[in-house]
Every structure is written in structure tokens, then in C-alpha cells.
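In: Sequence and predicted structure below; questions after.
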Amino acid sequence: MANGFIGTPRKVTAHLTQNEALSFEKSSPGKKAYRLPPLDVPEVDPASLLGEAAREDTGVLPELSEIEIIRHFTRLSTWNYAIDLGMYPLGSCTMKYNPRVNEFVSRLEGIAEAHPYQPESLSQGSLAIIRQLQDCLLEITGMDAITLQPAAGAHGEFTGILLARAYHQSKGNPRKHVLIPDSAHGTNPATAAVCGYEVINIKSNAQGGVDVAALEQLVTEETAVLMLTNPSTIGVFEHQIHKIADILHAKGALLYMDGANMNALCGKTRPGDFGVDVMHLNLHKTFSTPHGGGGPGSGPVACKKILEPFLPVPVVEQDGDGVLHFNYDRPDSVGRVRMFYGNFGMFVRALAYILANGPDGLRQTTEDAVLNANYIRKKLEDLYELPYPTPSMHEVVFSDKRQTKNGIKTGDIAKRLIDYGFHPYTTSFPLIVPGALMIEPTESESREELDLFIDAMRQIAREADENPQLILDAPHSTRVSRLDETTAARKPVLRWKAPAASTPLAPDNSPAKEW
Ligand SMILES: *Cc1c(COP(=O)(O)O)cnc(C)c1O
């Protein structure tokens, strides 16, 4: 076969993509994608309404017919891989299916059209959604209080560490450093540094957990927080979490849990019950709201009572007569971290997901996610190196150790996986596993889809032995093959530039800037 497959890939044979120019290149003057009835009111000069702010020059915009626009974006969409096309095993990202019921509910008129400036008396339904989601998340995490404001996981970390900092300041000792295991997500040390703390690294032990003896040495009266990703980025549950919490609390330090991996714990165990003081959740991971491509996320922060006074304003409260309102009068609050109340549409989707599943459904989801990761682990462990013997939770991390003898690295295997019709797994992360292949199938995948993935991975392992060049040159079936990723990252060209001979981009003929 043209793409050199050793067996026949069962999922795809070729990627169907149509060539598509930029909308600017397809534009022709005068085309419109709409038809309006003749104007039946007097025409108004924009300058009479807007004065000097009225813009006469609107630049050059593409002019296309309706069907041209529809085809343009539909064709572009076929260049993408999506969870709606197949398994998306990008480890640490929990790329689960976004159930359509979430979308249905979030588009109900009263919800979708609600305005953040609407009076509270007319927003009781929206406030009740916020309140009910908060209650559900508190039940799931076992914590005491929560804010839904942060717009992403990293933003949640930032908010959580601000709470811890305010708490230590209120005790008269702001403290100096934050401890972070080497298996943490990269956002953890970044967050601690942005909040003004010195970061101290803790080495993992041979099981991939925190080295408790080392921790005991490192915790002092200057330790503000330990930030622990649990399960960690190698998909391992921290079994000594109770002990770790006790060590910290004995010195007045707090335990922060990065809860982005709650898909492995939801309905099974609660951070609030194992000593965590403050944590964030990723609604766009565990609770199935769409993510990727920089879209809206949501990273609620839940905490214990001792941190509640510092939560961002406003907080939702209920009067004696059952009316909900926002309370802004909280003198110890760290302030706002986000305009309005956070990404409300994400709250609606997450609540729909939680209610549609119910407690048993959420527990089943967790069990299926862990089962799927372990199924892949068992079916691939004879061909790919497992750096840690500890059982996997929601994701399994292999290394490329056995493939490097043929000059093949994790990134090459990931590129070849594209030829088999899958989105790549996460490559080269976590950093404590050199040449990591981080695979998170989530509960969304059926056994059939998992088997297709396993098949592809097994065939790639054979190709690595029999025809390594095939992998090194992959992908073969896509629109473009290997990209120069370094140049793309360091010198991205983000604006279209009119070719010299065609219609000028702007009336003054100024060329577009390159970035
Ligand atoms: C995804 C992730 C984050 C960051 O979340 P964002 O929403 O991308 O900011 C933090 N920690 C862990 C463990 C994660 O998996």
C-alpha cells in the first residue's frame, strides 16, 4: 500500500480532504451571503450617530456567497480530527465525548439568552443553576466552599494559591515557598511562581509517588503549600496522601490538590476526606464540557472552611425567604478573578452531565475510564516499555525505550498514529519519563474503538522493527506531512498577506504585518 502499512488499518485507508483556499483568496467583489428587503426607513448617516467614531474604511473583507461560506468552513472542518470522529487519547487532557444533552440544555432560550446585567430578581433560574452545580461539586469533592469563577485549570490553580497566600497572610506569616513533586503538571510551578513563591522540587519515588521521607525534610514553617497532582501525571494515585497531609498540617502548611484528573476519582473517593485543603476541578475535562482550541473552560476552586473568607467575590447566597443573590461584601476576599461569574455556559453543561449521570453513573464513568486505560496497558505492555509498575488510574504512560534502538522516538510513533486514523497521544510528558507516550482513552471509548487503537499501536511497533523509515517520514496520508514545528512555534505567520499582484489588502496599500 502507498502508505506502507504492514497490515491493513481497520479504521481508515485515507483521509479525505478537499483543497481549500483562504476566504480572502476566494473572494470576489459584490458577492453576498445574505439578502435583505429594500430599506423602508430613511437611511441614516453613521457619522450623525457616532460622530468621529464612525469608520468609513472597514478594510478589505472577503466577499462570498452563502454556499461558498458554508462549504469553506465545512471543508476546513474536515481537516481536523475531533472527538466526534474517533478516539482522542491525548493524555492529561481527558478528551471525553461531549454529550448532546449538555448542548441541548445550554441552548434553551432562557439560559442561552440570559444577560449578566439582568437584575437578580429576573436571574433566579441562572443563580439556581450556579448554586446547584456548586452543591454537586462540593458533594463530589467533599470540600466546604467553592467558587466557579476561574476560567481554566491553570486559572483555578492561581486562584487556589491566592487563597492560600491570603490565609497565611491573615496569620501574620506569608511564608516563602511552595513544594511541587517532579511529576506535577507544568502549570503548577508556573502558578506558584506567578503568585510570588519560590518553587522547591520533590523527587518521586520508584512507584511514582511522593518520597515522604524527603518531604518530611523539606517542610518548614516557611512552606506555604504543597501542590500535588492526584492522580499524578503518570496516572498513579498517591497512596500516602493522608500522611502527606498530616506532615504539612503539623507545620501549618496547606495541601493543594490539582484535581484536573478527577476523572479517575469522581464518585469513588473525595479529596476533602483525605486531607486536601484547596483544589481545582476542570469542568472541561471531568465534566464533559467541550475543550481545546482555546475555547471557554472552567476551573472551579473548592476549599475547606478555613479558606472560605478569602474566596473571590461575588458569592451566591440565599436569603431566609429562599431568594438567591450575589454577595459582594466580603472584606477578606482576594477580589475578582474573572468578569461576571465565570463561564456560565460551561456550568450549565457540567450540571446537565452530572444530573444525567447521577451518582451511580458518575461512579460507573470513573470505573470505565480506569478500566479502559488498564485494558490498553495490558494489551500493549509486551511491546512498549512501562516505566512504573504501579497500577494505572485514568491514563497509562509508556516510554519509547524499546523503539529508540531503531532511532524512533515517541513523537515519531505519534505521527504514524495519524496515518491509522487516530489523534496522537500526549508525547514527551510527563518529564520524569524520558520519551513518554501518555495515553488517556477516557470512558467514552467502546471496546471496539480501543481494539482499533491497540491494533494500530501494535502494527506501529512492528513497523518500527521492519521499516523504521516509514515511521520517521510519517504521517503519509495527511494534507501536509512533517511540519517544521520549531519554526512554526518560533516564527508563526498569523496574518494573510495579499499577493503583490492581486487586490490590495487595504486602501492605502499597506502590507499586512507578519508576526
Ligand atoms: C489540564 C491540566 C491542567 C491545566 O488546565 P487548563 O484548563 O489547561 O489550564 C492542570 N493540571 C493538570 C494535571 C491538567 O491535566
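Out: Thanks, I have the structure now. Numbering: from 1, shown residues only.
In: Just confirm Ile161 contacts Asp277, I think it does.
Out: No. Using C-beta atoms under 8 Å, Ile161 is not in contact with Asp277, being 11.4 Å away. To be clear about C-beta, it is placed using only N, CA and C from the backbone, and glycine gets the same treatment.
In: Give the residues shared as contacts by these two.
Out: With contacts taken as C-beta atoms under 8 Å, 6 or more residues apart in numbering, Ile161 and Asp277 have Tyr256 as neighbours in common.
In: separation between Tyr460 and Leu386?
Out: Careful, residue 460 is Ile and not Tyr. According to C-beta to C-beta, to the nearest Å, Ile460 stands 17 Å off from Leu386.
In: Same check on Tyr81?
Out: On the measure of C-beta to C-beta, Tyr81 and Leu386 end up 27 Å apart.
In: go on, Asn357?
Out: Distance from Asn357 to Leu386, by C-beta to C-beta: 31 Å.
In: With Ala369 instead?
Out: Shown here: Ala369 relative to Leu386, a distance of 19 Å by C-beta to C-beta.
In: Same check on Ala82?
Out: Counting by C-beta to C-beta - Ala82 and Leu386 are separated by 30 Å.
In: do Leu22 as well
Out: For Leu22, the distance to Leu386 (C-beta to C-beta) stands at 46 Å.
In: Give me the more crowded residue out of the two.
Out: Applying other C-beta atoms under 10 Å to Leu22 and Leu386 shows that Leu386 carries more neighbours, namely 16 against 11.
In: For the more buried one, list the residues it contacts.
Out: Contact partners of Leu386, counting by C-beta under 8 Å, 6+ apart, are 377, 396, 398-399.
In: quick one: which of those residues has the most company?
Out: Neighbour tally across those (other C-beta under 10 Å): the maximum, 29 neighbours, falls on Val396.
In: okay, the residue lying closest to that one once chain neighbours are set aside: pLDDT?
Out: Closest residue in space to Val396, ignoring its immediate chain neighbours: Arg377 at 4.2 Å, by C-beta to C-beta, 6 or more residues apart in numbering. What the model reports as pLDDT for Arg377 is 98.
In: Ramachandran angles for Arg377?
Out: Main-chain torsions, Arg377, degrees, to the nearest 10: phi -60, psi -50.
In: ok, it touching Ser392?
Out: Yes. Applying C-beta under 8 Å, one finds Arg377 in contact with Ser392, separated by 5.3 Å.
In: pLDDT (mean, whole number) over the helix or strand hosting Ala488?
Out: Ala488 belongs to helix 485-490 when elements are defined using DSSP states H and E. In this model, helix 485-490 carries a mean pLDDT of 91.
In: got it, and stretch 155-171?
Out: Throughout stretch 155-171, pLDDT has a mean value of 98.
In: can you check stretch 14-34 too?
Out: For stretch 14-34, the mean pLDDT works out to 87.
In: measure the residue nearest to Val396 to Ala112 for me?
Out: Going from Arg377 to Ala112 by C-beta to C-beta gives 41 Å.
In: ends of stretch 183-203, how far apart?
Out: Taking C-alpha to C-alpha, to the nearest Å, the first and last residues of stretch 183-203 lie 8 Å apart.
In: Which residues outside it are in contact with it?
Out: Counting by C-beta under 8 Å, 6+ apart, 92, 153-154, 157-158, 161-162, 165, 175-182, 204, 208, 210-211, 214-215, 218, 224-229, 232-234, 236, 258, 260, 429-430, 432 sit against stretch 183-203.
In: show me the contacts for the residue of the chain found nearest the ligand.
Out: Going by C-beta to the nearest ligand atom, the ligand is nearest to Gly153 of the chain, at 2.2 Å. Going by C-beta under 8 Å, 6+ apart, Gly153 touches 187, 258, 260, 280, 282, 285, 297, 299.
In: cutoff 6 Å now
Out: 260, 282, 299 (C-beta atoms under 6 Å, 6 or more residues apart in numbering).
In: what about Glu63, how many neighbours?
Out: Count around Glu63 with other C-beta under 10 Å applied: 16.
In: Next, give phi and psi for it.
Out: Note on Glu63: its backbone torsions stand at phi -120, psi 120 [degrees, to the nearest 10].
In: pretty sure it is touching Ser27, no?
Out: Yes. Glu63 is within contact range of Ser27, at 4.9 Å (criterion: C-beta atoms under 6 Å).
In: Contact residues of this structure facing the ligand?
Out: Selection of the chain residues close to the ligand by C-beta under 6 Å from any ligand atom yields 92, 152-154, 185, 187, 229, 258, 260-261, 282, 297, 299.
In: switch the cut-off to 5 Å
Out: Within the chain, the positions adjacent to the ligand are 92, 152-154, 185, 187, 229, 258, 260, 297 by C-beta under 5 Å from any ligand atom.
In: tell me the two of those residues that are most distant?
Out: Thr229 and Gly297 (17.2 Å; C-beta to C-beta).
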